[in-house]
Each structure stands twice: as structure tokens, then as C-alpha cells.
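> what's the 3D shape of this:
(2 chains)
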Amino acid sequence: MKFIRYQTTPAYHPGRSFTTLRDEIDRLFEAAVPVFHPGAQPGRFPLDLFEDKDAFLVKAELPGFRREEIELEVADGALTITGYHRNEAAPAKEGEKAEEPAREVRVRRAVSLPEQVNIEKIAAQYENGVLTVTLPKREEVKPRQVAIEVK
Amino acid sequence: MSQTITKQPESGAAACQRRTIVPRHEVRETPEAYHLTVYVPGADRSSVEINVDGETLNITARQGWTAPEGWTAVYRESSGADYRLVLAVDRGLNRDAIRAELVQGVLTVTVPKSEAAKPRRIEIQG
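Numbers count the residues shown, from 1 in each chain, chains lettered A, B, ... in the order given. Below is the predicted model of the structure:
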């Protein structure tokens, strides 16, 4: 007996696959009061997805990290961006409070990609606090033409 | 102790010229100075301007990132706008000694307090 697996493509919405109802409500509030830093809330950084015929481009606003603190991962049709940063507390001077408290920031978001990408050719740049990831699409396998003789 | 840096509303006319948003920012006070952290991803050093004029501290930064030509935007969350932050300042600041640093989209501005505004311990005589 042959086992055939059918895979349906869910309605494509890159940001929504990984958001919860709480995120949706937050997003409604952001839209209602735009002066309060749309999209730039702690723990959730703005993501954009662009496309041309050969590749995808993901832009993430991630100010304040060092290059080695940002990790990219592509798996299961999604790109996951993780940033982790820790500032140790600056030592206190005599009698005064600490100059700067220890700070830890950890952010992680995923974007689902509508098509397969060529993992080896992914390129990323981080400049002025903006991460730009270019993901070339996997070239389509050309259909093989087979001549079938009909008897 | 109340903060001496507070927000001022923008004037309508100036705000319409080029689309701007108020960047996420934090103000921290120490006995010596105010430390302002402004998040301006996409701005580079040449596009940031800091002006103290009269009673306001104006910080503007141009957005340097633009989408490459010919690409379709499938999904957008960022605004792509320039940044503009206006804060009201009082006279307890040493305006000439303002220092600023921009690293990976994070602008750190240090505004020292004038000597008169720093907390002082008063010795009790007799």
C-alpha cells in the first residue's frame, strides 16, 4: 500500500503565523495611537518582507546590538531572527547608586517564507541598527520532458 | 524629584513637511546629568541633528534605509519615516557640554546639569 501525503498551503500571511491573539490586540492599539512607537515595543521589533522574482528581502529594525549578538536560522519554511544582548552593571562610585543597571534584552521573531529559498546563498547585513537579509529563491526544477508513445 | 526634561507637542505645520515619527526613547537622571537614549534604526551619524534652542531640545534624524527599486512589499511593519523628538528643557542644564554618540541606531545624548542644579550637601554649622 502506498502512503501519499498531501500538503495544503495555508493562506499566506507571514507575520501572522507566529502571533497570538494578544499580539493582534496589541497591534490594534498601536494602530489607534500611532504616536506611541508603532511596532517598536520592547521584545517585538518591526519586520518587513519584500520580494522580487529571484529573492526575498527581510528587513528588521534591531538597534543596539553587536553583529555577533544576532542569530539567523532558516528551518521549516521560516526565517527566525534572534537577538541577545546583556549589559553588565557599571560599578557604583563611592556613595552613589550604580551608574547603569544590568540590562538584558532578548528578542526573537520568525517570518514565514512563501517559497523555498536557497539556504547557501543567504546574505545578511547589519548597519545602523537595521538587519537586512537577502534570501534567493530556490531555482525551480525544470520539468523533464518525456516522450510517451501511445500504442 | 520632577524631571526637568518634559515633552512638548509638535506644531502642526512643521510636522507636515516630511513624515516623521517620535522615536522610542528613555530618559535617565543621575546627580550629574540627564542621559537620553533614542532608538533611531536606519539613521547614520551624518543624518542626526541635535539642537538646543531656547527652551527646547530638538533631535531629528533622517531615515537612511529604503527598499531597493523594483521590489514588492509583501508585508510591512516599520514606518520608513524620519525621526523627530522635541523635549522641553529648563535652565538647569549645561548646554555647552552636551555629548552625543550613535552606535547601530542607538543615539545616546548626555546633558550635564549646571553646577547650580546638582544636589549639594549643606553643612550645618554650630
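> The closest residue to residue B:100 other than its chain neighbours sits in which helix or strand?
Nearest residue to residue B:100, sequence neighbours excluded (Cβ to Cβ, 6 or more residues apart in numbering or on different chains): residue B:109, at 4.7 Å. Placement of C-beta: from N, CA and C, glycine included. In this assignment (DSSP states H and E), residue B:109 forms part of strand B:106-112.
> and that strand, which residues are buried?
Residues of strand B:106-112 classed as buried by neighbour count (16 or more other Cβ atoms under 10 Å in any protein chain shown): B:106, B:107, B:109, B:111, B:112.
> Next: stretch A:65-74.
For stretch A:65-74, the buried set under the neighbour-count rule, 16+ other Cβ under 10 Å, comprises A:65, A:69, A:70, A:74.
> Need those in TSV (columns: distance to chain B and pLDDT).
Shown next, in TSV, are those (distance: Cβ to the nearest Cβ, whole Å; pLDDT from 0 to 100):
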residue	distance to chain B	pLDDT
A:65	6	93
A:69	10	92
A:70	10	93
A:74	17	87
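> Surely residue B:85 touches residue B:56?
No. Using Cβ atoms under 8 Å, residue B:85 is not in contact with residue B:56; the gap is 10.2 Å.
> ok, the two, which is more surrounded?
residue B:85 (23 against 12; other Cβ atoms under 10 Å in any protein chain shown).
> Export only the CA atoms of the helix or strand where the more buried one lies, formatted as PDB.
When elements are assigned from DSSP H and E, residue B:85 belongs to strand B:82-88. Taking Å, rounded to 0.1, in the frame of the first residue of the first chain, the C-alpha atoms of strand B:82-88 are listed here in PDB:
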ATOM      1  CA  ASP B  82      12.200  60.100   9.600                       C
ATOM      2  CA  TYR B  83      12.600  60.600  13.400                       C
ATOM      3  CA  ARG B  84      11.800  63.800  15.300                       C
ATOM      4  CA  LEU B  85      11.900  64.200  19.100                       C
ATOM      5  CA  VAL B  86      11.200  67.500  20.900                       C
ATOM      6  CA  LEU B  87      11.800  67.800  24.600                       C
ATOM      7  CA  ALA B  88      11.300  70.900  26.800                       C
END
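> Direction included, what does that strand pair up with?
Neighbouring strands of strand B:82-88 in its sheet, by DSSP bridges, are strand B:6-7 (antiparallel), strand B:20-21 (parallel), strand B:56-61 (antiparallel).
> I'd like those strands as JSON lines, with mean pLDDT appended.
What follows is those, written out as JSON lines (pLDDT from 0 to 100):
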{"stretch": "strand B:6-7", "mean pLDDT": "55"}
{"stretch": "strand B:20-21", "mean pLDDT": "92"}
{"stretch": "strand B:56-61", "mean pLDDT": "91"}
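> so where do the strands sit in chain A?
Assignment of strands within chain A using DSSP state E yields the ranges A:47-51, A:55-61, A:70-75, A:78-87, A:103-112, A:123-127, A:130-136.
> I'd say the residue nearest to residue B:100 and residue B:28 touch.
No. Counting by Cβ under 8 Å, residue B:109 stays clear of residue B:28, with 11.1 Å between them.
> overlap in contacts of those two?
The contact sets of residue B:109 and residue B:28 overlap at B:35, B:36, B:37 (Cβ atoms under 8 Å, 6 or more residues apart in numbering or on different chains).
> Out of those, list just those in helices.
Using DSSP state H, no member of the shared contacts of residue B:109 and residue B:28 sits in helices.
> Give me the lowest-pLDDT entry from those residues.
Across these, the bottom pLDDT score, 90, is held by residue B:35.
> Residue A:126 bridge partners, please.
Beta-bridge partners of residue A:126, as defined by DSSP bridges: residue A:131.
> dump the residue contacts of it.
Contact analysis of residue A:126 by Cβ under 8 Å, 6+ apart lists A:62, A:65, A:67, A:70, A:132, B:104.
> and which of these is nearest residue A:116?
residue A:132 (20.5 Å; Cβ to Cβ).
> quick one: low-confidence ranges for the chain?
Using chain A here. Scanning chain A for pLDDT under 70 picks out A:1-43, A:90-101, A:141-145.
> wrong one, chain B
Counting by pLDDT under 70, the ranges of chain B that qualify are B:1-18, B:54, B:91, B:117.
> Going along the chain, name the helices of it.
B:12-15.
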